[in-house]
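S.K.: Fold the stuff below for me.
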Amino acid sequence: MGELVKLEKENGNAVVTIDNPPLNVMSNQVTSDLKEITADIKEDKNVICVILTGAGEKAFMAGADIKEFPELMGNPEMKGHIMKTHQMLQNLEDLPKPTIAVLNGMTFGGGCELALTCDMRIAEEHAQVGLPEVKLGLFPGGGGTQRLPRLIGTAKAKELMFSGEPIDAEEAEKIGLVNKVVPSGRGIEMAKQAASHMADQSLQALSRIKKAVNEGMEMNLSDGLEREADLFVEVFQTDDVEEGVQAFIEKRKPNFKHQ
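M.R.: Now for the predicted structure:
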């Protein structure tokens, strides 16, 4: 499907691999491929969970393709180009399925911003994470100034962006930037274990958990609880709730159909 992004589907999961050697940078083609693949996954009823990673062992994604920057300078259409990238990232964040980023090496700049759109992040122990844009006289322009503070707090996010210095996987876990650190080379294995567990659950429930959290984070508590109640009413209308309750009563494992 994609030229620089590969898609594999197995056992209810999709594995998306950015393959743009040597460091899997986010070029225009990678952005286009990710947009296309995200749309495909959204419509595929057989895909429950998504794993996103980079090819090789050096990098998840080492940032944007800086060779493409000169064509943006003085370009009157620059904001439109930026917003296309934002739309791709937002589509991934809004995907109504759980997403796991496997950080298998350098996760810098646009790579960090891409990882931030995922629901969970698993880092291999050799991974480094950072937003080094300030060293180029720039600042994070792929959502980093917005998503990172919401995840780890404003003070720590500003520290990382002001310094431009990367942190190791252990520090990233300590500040809540990644969920878990695993031995090098085992990121995909651990992500597949987590994805397999989620694939046994009802997508009707999983998607509403994601929606309730993501939308609620932008609301005050009262409005967030109201939104949660609406979604709770919705999920009670699904076939999967009937199956889940009946399975509990019959003391058996539910067989969810994601309907």
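
S.K.: List the contacts of the helix or strand encompassing Ile209.
M.R.: Secondary-structure assignment from DSSP states H and E places Ile209 in helix 203-216. Here helix 203-216 makes contact (CB atoms under 8 Å, 6 or more residues apart in numbering) with 48, 93-94, 96-98, 119, 198, 223-224, 227-228, 231-232, 234-235, 238, 240-241, 256, 258-259. For every residue, glycine as well, the C-beta is placed using N, CA and C.

S.K.: redo that, cut-off 7 Å
M.R.: Contacts with helix 203-216, where a contact means CB atoms under 7 Å, 6 or more residues apart in numbering, come from 48, 96-98, 119, 198, 224, 227-228, 231, 234-235, 238, 240, 258.

S.K.: Which is the succeeding secondary structure element to it?
M.R.: helix 221-235.

S.K.: For that following helix, output the C-alpha coordinates as CSV.
M.R.: C-alpha atoms of helix 221-235 as CSV (Å, rounded to 0.1, in the frame of the first residue of the first chain):
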residue,chain,number,x,y,z
LEU,A,221,-15.1,17.5,35.0
SER,A,222,-18.9,18.1,34.9
ASP,A,223,-19.0,18.1,31.1
GLY,A,224,-16.7,15.1,30.9
LEU,A,225,-19.0,13.0,33.2
GLU,A,226,-21.9,14.0,31.0
ARG,A,227,-20.0,12.8,27.9
GLU,A,228,-19.1,9.6,29.7
ALA,A,229,-22.7,9.0,30.5
ASP,A,230,-23.7,9.4,26.9
LEU,A,231,-21.2,6.9,25.7
PHE,A,232,-22.1,4.5,28.5
VAL,A,233,-25.7,4.6,27.2
GLU,A,234,-24.4,4.0,23.7
VAL,A,235,-22.4,0.9,24.6
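
S.K.: Any regions of the stretch 151-259 of the chain where pLDDT drops low?
M.R.: Applying pLDDT under 70 to the stretch 151-259 of the chain picks out no residues at all.

S.K.: sorry, back to before: could you check the angle the helix holding Ile209 makes with helix 221-235?
M.R.: 160 degrees (axes from the mean of the first three to the mean of the last three CA atoms, to 10 degrees).

S.K.: helix or strand for Phe256, which one?
M.R.: Applying DSSP H and E, one finds Phe256 in no helix or strand.

S.K.: the helices in the stretch 1-150 of the chain, which residues?
M.R.: 28-43, 78-93, 110-116, 144-152 (DSSP state H, counting those that start in this stretch).

S.K.: thinking again about what came up before, in PDB, list the C-alpha atoms belonging to the helix holding Ile209.
M.R.: C-alpha atoms of helix 203-216 as PDB (Å, rounded to 0.1, in the frame of the first residue of the first chain):
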ATOM      1  CA  LEU A 203     -14.000  -2.900  20.100                       C
ATOM      2  CA  GLN A 204     -17.300  -1.300  21.000                       C
ATOM      3  CA  ALA A 205     -16.000  -0.800  24.500                       C
ATOM      4  CA  LEU A 206     -12.400   0.000  23.600                       C
ATOM      5  CA  SER A 207     -13.300   2.700  21.200                       C
ATOM      6  CA  ARG A 208     -15.600   4.400  23.700                       C
ATOM      7  CA  ILE A 209     -13.000   4.300  26.400                       C
ATOM      8  CA  LYS A 210     -10.600   6.100  24.000                       C
ATOM      9  CA  LYS A 211     -13.300   8.600  23.000                       C
ATOM     10  CA  ALA A 212     -14.300   9.300  26.600                       C
ATOM     11  CA  VAL A 213     -10.800   9.900  27.800                       C
ATOM     12  CA  ASN A 214      -9.600  12.000  24.700                       C
ATOM     13  CA  GLU A 215     -12.700  14.200  24.600                       C
ATOM     14  CA  GLY A 216     -13.000  14.400  28.400                       C
END
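
S.K.: how far out from the middle of the chain is that helix?
M.R.: Mean-position distance between helix 203-216 and its chain equals 14 Å (CA atoms, centre = their mean, to the nearest Å).
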